[in-house]
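Q: let me see the structure of the following:
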Amino acid sequence: MLSVLGGYLFIFCARICDVSLATMRMLMVVRGQRLYAAFIGFFEVIIYIVALNKIFSNLNNPINLIVYAAGFATGNFVGSLIEEKLAVGTLTVQVITMKAPLELTEILREQGFGVTVIEGQGREGTRYILQIILQRKCINILRKKIDEWDPDAFWTIFDARYTKGGIFTRYPASVFHRKGK
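A: A predicted model of the protein is given here:
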């Protein structure tokens, strides 16, 4: 009985691991990190084949299939959590605020953000678009600062696959670990 439960647990955990790795691998591919993707893929496929072997060795047990599917679903969830925590990549944020956009630009620059101001035409006239390119790990800091300035600001966030040059947020690592930031 214990070996049967251990087999179910093995299948479940193996699927969580291989699907989480698959999630990370795909994100690395999308972000142009081919070497990391290949490295992750190597371990992903080994775990996948071992789990699949456990399933094929006892196809007449429907619980194996249910545990396999549950591990797959859980692996998707866990993989997305891991990706969110790692915050790999670069983002472009565009902000439109009606509340003194040029003042906000200066405040963000003083706080280390690189901000480019673009003049645009909206339905009701000239608007300033603040464009900020930053590492994903800084996004929550920026969002908090924008929301404090203008909770009604319109903003969009895009993944930036490649960037060259420019000014990135210059926060020391300790900023990300202090409360209230």
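
Q: how about low-confidence regions in this protein?
A: 161-162, 165-181 (pLDDT under 70).

Q: how is this structure carved up into domains?
A: 2-86, 90-177 (automatic domain parsing).

Q: count of neighbours near residue 157?
A: By other Cβ atoms under 10 Å, the residues close to residue 157 number 16. Heads up, the C-betas are built off the backbone N, CA and C, glycines and all.

Q: assign a three-state SS to it, would you?
A: Recorded secondary structure, residue 157: strand (DSSP: H, G, I helix; E, B strand; the rest coil).

Q: surely it is in contact with residue 92?
A: Yes: contact status for residue 157 versus residue 92: in contact at 7.4 Å, counting by Cβ atoms under 8 Å.

Q: tell me which of the domains of the chain sits most buried.
A: Of all those, domain 2-86 carries the top mean neighbour count, a mean of 16, counting by mean count of other Cβ atoms under 10 Å.

Q: against residue 121, how distant is the nearest residue to residue 158 once chain neighbours are set aside?
A: Nearest non-adjacent residue to residue 158, counting by Cβ to Cβ, 6 or more residues apart in numbering: residue 92, 4.6 Å away. In this view, residue 92 and residue 121 are 21 Å apart by Cβ to Cβ, to the nearest Å.

Q: got it, and residue 142?
A: Going from residue 142 to residue 121 by Cβ to Cβ gives 25 Å.

Q: just the strands in this structure please.
A: Taking DSSP state E as the criterion, the chain carries its strands at 90-96, 115-122, 125-135, 154-160.

Q: so which of those is nearest residue 83?
A: strand 154-160 (12.1 Å; Cβ to Cβ).

Q: what's the closest one packed up against?
A: Packing partners of strand 154-160 (3 or more Cβ pairs under 8 Å, 6 or more residues apart in numbering; DSSP states H and E): strand 90-96, helix 139-149.

Q: can you rerun that using 6 Å?
A: Applying 3 or more Cβ pairs under 6 Å, 6 or more residues apart in numbering; DSSP states H and E, we find strand 154-160 packed against strand 90-96.

Q: okay, the angle between the lengthiest helix in the chain and strand 154-160?
A: Longest helix in the chain by number of residues (criterion: DSSP state H): helix 2-30. Here helix 2-30 points in a direction 100 degrees away from that of strand 154-160 (axes from the mean of the first three to the mean of the last three Cα atoms, to 10 degrees).
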